[in-house]
Structures are given as structure tokens and as C-alpha cells.
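Asker: Kindly return the folded structure for what I paste below:
(one chain, ligands or ions: 1)
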Amino acid sequence: MKKLEHILQVKNLHVYKKAASGHTSLVQNINLNLKRGEVLGLIGESGSGKTVTSTAILQLFQQKNVHVDGSILLNGKELNGLDEKEMRTVRGKEIAFIMQNPMNAFTPVFTIGHQFVETIRSHTKWNKKQAREMAVEAMKAVNLPDPASILKQYPFQLSGGMLQRVMIAFAACLNPAVIIADEPTTALDVYNQKKVLLHLNNIRADYGSAILLISHDLGVIAEMADQVAVMRKGEIVEQTDVFKLFDYPKHEYTKKVLQSRPMLNLD
Ligand SMILES: Nc1ncnc2c1ncn2[C@@H]1O[C@H](COP(=O)(O)OP(=O)(O)OP(=O)(O)O)[C@@H](O)[C@H]1O
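Answerer: The predicted structure is shown next:
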């Protein structure tokens, strides 16, 4: 079988909020392509539609509130319109999500260990002991101290930064084809930011996972991304390789975004 060039292809994606008075558009005409092992940075001002785009790709909107139009191909398989049961077999295993707010990623009433082990077991044939070992290894990779004791804790017992790293360990442990990372490092100090970025970089290099990286931090984008898409008011206004974007931004809005980044004055 011929290998597909793109792991993820988003074509003409439109997302509408449903209301009695009619539909309002949240994002329009989004086209994105991700190759194996590639990092696509998604930047743009607050409210420009980055999270809506990733939520639509993951099919996490409730159909009664939001309508998603267009095509989302993951390894050639159409995700848009897939029923929830099928989507559950895709999420976590083939396409993983690192959310902006780590608290939302966990169920408060179960320990981290229970949730981690059950997620691994629902996608593999491993027994509990094997799944626990895998969870411990995955947590070590993101610099979490004493993973065995973290497994016994409940989400509220961990700090936001620790939960963020648990979620990244979660997302990466099954070597998904695509990882969507929505501001994965914002809750972290500089040292752990570096650790997490390095870990994501290793995953893409070792397993060929493609990463859709949403970030306000242009330093993170410059370090990690191969391609960058710039969003504004629900649309992509510019999409190019990372060097071209930083050196020769075309769109006025991109120029503004680049100009507004904080500069370190070393003098
Ligand atoms: N579940 C939802 N239902 C309806 N509208 C939504 C939903 N999620 C987001 N929106 C709206 O869609 C628009 C885009 O929001 P989105 O969260 O995608 O922006 P963003 O670019 O990710 O911003 P930020 O950088 O602040 O996270 C906003 O006007 C927001 O209010």
C-alpha cells in the first residue's frame, strides 16, 4: 500500500455555533497538513480560533451545540462525523491531546494511577502490572519525581504544573500518530518547559509522531516548529515554514505579532 504523505489533513474546516436565531461561524476555511514527525505551530491572538480548530479535529464538540463542516483525514480515515464510540478508539491511541487546562483532562474521583492504567489498557492488551510500568516510565521522561507515589494520588493533590506533565506523559505514552498540544508549557517553569519540549521533540524523532503545537510563546514556536500557521478572527491568514515566517512575514497581522514579542536586550 502506498504510504500517505500526510498523516493529518484538514480540508475546508468550518465550525459553527448553533443558535435558535441561526449559525454563527467560529472558524472558517481552515486547511492544515501535517507530515510524519513534523511540528506545525499554530499561533494567533486570543480568541482567534486555535482551540476551536483543535477541538473540532478531535471531534470533542457536542453536535447539538456546534456544527463541524469539512474533512479531517487521519491516516486517510475521515474523522468528521465518526460516532463517539469509534472516536474513543482513535483518541488517545492515534491522536492524543494535551489540553490547555490540565485539571479538565482528569476525572476528580479516580487516582492518577487508575486513570493512567485504564487508558493504557483500553488501547492495548497489557495487564495492569505492565501498564503501571509503562506509566512510571512515561512519567520519568517528563521529569516527574517519584512516579509511583504520583500514581496513588488524586488530581487535586498535584500542582497545575505537575498535572500538565502527567498529561503530557499520558498523551505521549502510546506513541500516537498525532499529538495536539494546546499551550503545553504555559504552567511550567523554564527548566520543566525545556524538559517537556525536549520530550516532545524526542517523541517526534523516535516515533514519527506529528505535533500540532498551539502556543503564544514565539520562542517555543521558533525552537520546535517546522511550519507555522497564523490565525486571526477564525481564519488562517498566513502559513509557511518557520524560517520564512520569522524572516519574511507577509501578512500585516503576522508582522504585528512578531513585532510584539518581547526582546531580550543583552546590552
Ligand atoms: N465550545 C464553544 N462553543 C461556542 N463557542 C466557543 C467554544 N469554544 C470557543 N468558542 C468561541 O470561539 C472563539 C475562538 O475561541 P478559541 O478558544 O478557539 O480561541 P484561541 O485562539 O484558542 O484563544 P486563546 O489563545 O485565548 O486560547 C471565541 O470567540 C470563543 O468564545
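Asker: rest of the way, CA atoms for contacts and neighbours
Answerer: Fine.
Asker: Which residues of this structure lie near the ligand?
Answerer: Counting by C-alpha under 6 Å from any ligand atom, the chain comes close to the ligand at 17, 26, 45-52.
Asker: Now do the longest helix along the chain: which elements does it pack against?
Answerer: Longest helix of the chain, by residue count under DSSP state H: helix 190-207. With contacts defined as 3 or more C-alpha pairs under 8 Å, 6 or more residues apart in numbering; DSSP states H and E, the packing partners of helix 190-207 are helix 160-172.
Asker: counting contacts, what elements does the helix it packs on pack onto?
Answerer: strand 95-98, helix 128-141, helix 190-207.
Asker: Report all helices and strands that the first one contacts.
Answerer: To tie it back to what came earlier, the one meant is strand 95-98. Using 3+ C-alpha pairs under 8 Å, 6+ apart, the elements in contact with strand 95-98 are helix 160-172, strand 178-182.
Asker: Just the mean pLDDT for it, thanks.
Answerer: Strand 95-98 shows a mean pLDDT of 90.
Asker: what is the orientation angle of the very next helix or strand once past it with helix 160-172?
Answerer: Next in sequence after strand 95-98, counting helices and strands by DSSP states H and E, comes helix 112-123. In terms of direction (axes from the mean of the first three to the mean of the last three C-alpha atoms, to 10 degrees), helix 112-123 departs from helix 160-172 by 20 degrees.
Asker: Run through this protein and note the low-pLDDT ranges.
Answerer: Counting by pLDDT under 70, the chain has low-confidence residues at 1-4, 261-267.
Asker: Apply 50 and report the result again.
Answerer: The chain contains residues with pLDDT under 50 at 267.
Asker: out of the helices and strands packed on strand 95-98, nearest to Phe106?
Answerer: helix 160-172 (8.5 Å; C-alpha to C-alpha).
Asker: For the longest helix of the chain, buried residues please.
Answerer: 192-193, 195-197, 199-201, 203-204 (16 or more other C-alpha atoms under 10 Å).
Asker: The ligand: which of the residues you listed is nearest?
Answerer: Gln193 (18.3 Å; C-alpha to the nearest ligand atom).
Asker: ok, now which ones touch the closest one?
Answerer: Gln193 is in contact with 185-186, counting by C-alpha atoms under 8 Å, 6 or more residues apart in numbering.
Asker: Over to Ser48. Which of the three states is it?
Answerer: Of the three states, Ser48 takes coil under DSSP: H, G, I helix; E, B strand; the rest coil.
Asker: So it is in contact with Ala229, correct?
Answerer: No. Counting by C-alpha atoms under 8 Å, Ser48 does not reach Ala229; the two are 11.9 Å apart.
Asker: how many neighbours does Val136 have?
Answerer: Using other C-alpha atoms under 10 Å, Val136 has 21 neighbouring residues.
Asker: Confirm for me that it is in contact with Pro145.
Answerer: No. Using C-alpha under 8 Å, Val136 is not in contact with Pro145; the gap is 10.1 Å.
Asker: Mutual contacts of these two, please.
Answerer: Contacts common to Val136 and Pro145, judged by C-alpha under 8 Å, 6+ apart, are absent.
Asker: Just put the helices and strands packed on helix 160-172 in a markdown table and tack on distance to Thr111.
Answerer: Putting the helices and strands packed on helix 160-172 into a markdown table (distance: least, C-alpha to C-alpha, whole Å) gives the following:
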| stretch | distance to Thr111 |
| --- | --- |
| strand 95-98 | 19 |
| helix 128-141 | 13 |
| helix 190-207 | 23 |
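Asker: circling back to that earlier point, I'd like to know which of the helices and strands packed on strand 95-98 is closest to Leu82.
Answerer: Of all the helices and strands packed on strand 95-98, strand 178-182 comes closest under C-alpha to C-alpha, at 17.3 Å.
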